[in-house]
Each structure stands twice: as structure tokens, then as C-alpha cells.
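> Predicted model, plus sequence, below.
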Amino acid sequence: MNHSATEEHHKLLSEHFGVTTTPGQFTVALAGNPNVGKSTVFNALTGLHQHTGNWPGKTVDNAQGSFTYLDRSFLMVDLPGTYSILAHTVEEQVARDFICFGKPDATLVVLDATCLERNLNLALQVMEITPKAIVCVNLIDEAEKKNIKINIAALEKDLGVPVIATAARSGMGLDALRQKLYEMSIGSCLTTPRQIAYSPEVENAIQQLLPNISRLIGPKLNPRWVALRLLDGDQAFINSITHYLDFDLHLAHLQEVAV
Amino acid sequence: MKTAITTIPLSTLGIGSACQIVSLNLQGLLRRRILDLGMVPGTPVRCIRKSPAGDPVAYMVRDTLIALRSEDASQIHVNPM
């Protein structure tokens, strides 16, 4: 990112999300279902150096904290716990908008090892938005107690993004997590996030939309994901695009593309 | 050869009975919500208990207990197992 783009990004983060980063500081978004120990991971990583604030115009609290690893500073943003980020509640919209428009250097998705299947929905949704995703399988100690064994290597291979097993309460796996967040943020960790293949009709429609979407939004957002949201008829998302990307001029085009 | 399958609304499932979701006759946000909770076609569901008034009803879905209004559950078509 060049200098002016960095400045613009700082401005977007502080104006829209109330997140102020220091120069050179990486941002990490923390997403997860409710009750997966997301806040435990957050507190364990940041050592409770958190302060809470409000998202501007929203009533949902967000927590931010920082930590330093290998001489680099990381600002961690604890997003509201949600089952989905397809934005039908304010919490989901906040989480979605931050991952999508806040462009964090890494997005950590915390999953509950004792009900992995249900939690993977959110991980897959995040992986549709950003390739900079890391999956944290938390409560691995609880899973062991319930005799649930998780093949982390196989999961990592299937998902195409790094997977780290943690028991945040006892501190297990946190070093590996910091290391992976560091690698992801400096760009030395390349991922191939598994993408959901939809029905042929939907895939055809996506292919038709892609050229126009790529032309309009360039590299700012993942065009495939934008195509899916437009096909979904997600008006809240179109509003968000207008809001965060100053897209007024192109809104008419976007809707044209969608029809 | 396609065999005809008779489906029933989830709301008619008795306590303790299990079924498999066939289709969701729901639209918009509620449909999205139900899908996000892991209730997709093919998902096994067990009826666990009913509230005193019989509505809502608690269902076990993917190791999670989910309460649904009868009104919504009646729009979910299932295959009893």
C-alpha cells in the first residue's frame, strides 16, 4: 500500500469504525459465533489491554486491544458474536462491514471445537470475503473431554487457510496464533480459501456480473462476493458500499448490473 | 426412478421423534436465519420438548437446541425417520 492509500485507510478506520491505528500497526479483526470463547482469546492475546468504545451511529459495543509480537504492534478489534455475517441484524452488519470495508490485515475466526460443524458456516462466509482469514479452533480442551477429536491438518487442507487449535483459557496454542497473525499481516502467508460452489444458475449469473463489478470496484472488494450479494438483492449491502466507498456516482451502475 | 416421498410439516413432529429436513418454504430474512442456524435440506432434526402452551417447540439441530415457533416450523417440510 502506498503512502496516500495508507492515510486514506487510517481515515476510513477512524471515521467509520472508531478504530485508530498508529503508523505501522496491523489491524486484526476477531469474529466468531456467540459463546465460543472469543473474548477469552481476545483477552489472552491482548493481556486485557482493552478499552471499549462505540461504533459510530451504532449501539453495538466494540472492544479494541493491542499486543506486540516480534516488534510489530497489532490492534485487535473484537467484533460482535454472530452466527452469520449476511447482515440481518445490526451486529452482523457491523461485523460484515468491518471485515469487508475495514480491510483488516488478518481476520481471525474463532470456532467452538465442540460444535465445529455449526461454526464453520461463519468461517466459510468470512473466507468468501477475504483470503486473509485464519481459523482458530478454540475450546479444544473441552472437545477432548467430550472425546471429540479434530484433525487440524485435514481441516486446514480442506479450508485452504491456516487453522490453529487453542485452549485460550489455559493459554494453549496462543503462541502459534500470534505467529500466524504475524505471518498473515506481513503478507508471508498465502492462502487459497475454499469457495462455495453454487448451483449452475447462480454460477452463470456470477460470471455475467463479474466483468462489470471488477470494472466498477477494482481491487477494493472481492468481486465474486459483491456479485453474490447483488444476486441476493441485499439492499443493506448496496447502502454500505455507497457509504464506505463514496460510491454515489456508481450506485446507479451497480443496480443496473444487478438487474 | 424417483420414488415419491411424503413430507410433513416440522411442526407436526411428536416429542422424541426424529426427521430430516426436505425443504424450507420460507422467504427472506427468516429463511436466511434458519439456514444460518444449520437447518438446511438433509439436516437431521429431533423434537425435544414443547413449551406448556405447545408453542414454541425445542428441536435438536447439529448438537444445538433451537426453539421455533409453530408458525415457522410449519413451513419447514421434513421426512420422518
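Everything's here; your move.
> where exactly do the helices run in the chain?
Looking at chain A here, since you left the chain open. Assigned by DSSP state H, chain A shows helices spanning A:3-17, A:38-46, A:90-101, A:116-129, A:140-145, A:152-159, A:174-186, A:200-217, A:223-231, A:235-245, A:248-258.
> you looked at the wrong chain, it should be chain B
All helices of chain B, identified by DSSP H, fall at B:28-36, B:70-73.
> right, is the longest one up against chain A?
The one in question is helix B:28-36. Yes. Contact of helix B:28-36 with chain A (Cβ under 8 Å from any Cβ of the partner chain) involves B:29, B:32-33, B:36. Placement of C-beta: from N, CA and C, glycine included.
> where are the low-confidence patches of chain B?
Chain B contains residues with pLDDT under 70 at B:1-5.
> how about the residues of it that lie near chain A?
Proximity of chain B to chain A, by Cβ under 8 Å from any Cβ, involves residues B:29, B:32-33, B:36-38, B:62-64.
> just the buried members of the residues you listed?
B:32-33, B:36-38, B:62 (16 or more other Cβ atoms under 10 Å in any protein chain shown).
> Over in chain B, which residue gets nearest chain A? Let me know.
B:Asp36 (3.8 Å; Cβ to the nearest Cβ).
> State the phi and psi torsions of the nearest residue to that residue once chain neighbours are set aside.
Leaving aside its sequence neighbours, B:Asp36 sits nearest to A:Ser84 (Cβ to Cβ, 6 or more residues apart in numbering or on different chains; 3.8 Å). In this entry, A:Ser84 is assigned phi and psi values of phi -150, psi 160 (degrees, to the nearest 10).
> residues in contact with residue 16?
By default, I'm working from chain A. Each residue near A:His16 by Cβ atoms under 8 Å, 6 or more residues apart in numbering or on different chains is listed here: A:56, A:97, A:101-102, A:243-244.
> sorry, should have said chain B
B:46-48.
> go with 10 Å
Neighbour list for B:Gly16: B:46-49 [criterion: Cβ atoms under 10 Å, 6 or more residues apart in numbering or on different chains].
> what's the answer for A:Gln195, then?
Contact analysis of A:Gln195 by Cβ under 10 Å, 6+ apart lists A:124, A:127-128, A:131, A:160, A:222, A:224-225.
> How many residues are close by residue 75?
Since you didn't name a chain, this refers to chain A. A:Leu75: 21 surrounding residues under other Cβ atoms under 10 Å in any protein chain shown.
> wait, I meant chain B there
Neighbours of B:Gln75 under the rule other Cβ under 10 Å: 18.
> Quick check, it in contact with B:Thr7.
No. At 11.8 Å, B:Gln75 does not count as touching B:Thr7 under the criterion of Cβ atoms under 10 Å.
> who touches both of these two?
Overlap of the contact sets of B:Gln75 and B:Thr7 (by Cβ under 10 Å, 6+ apart) consists of B:Ser23.
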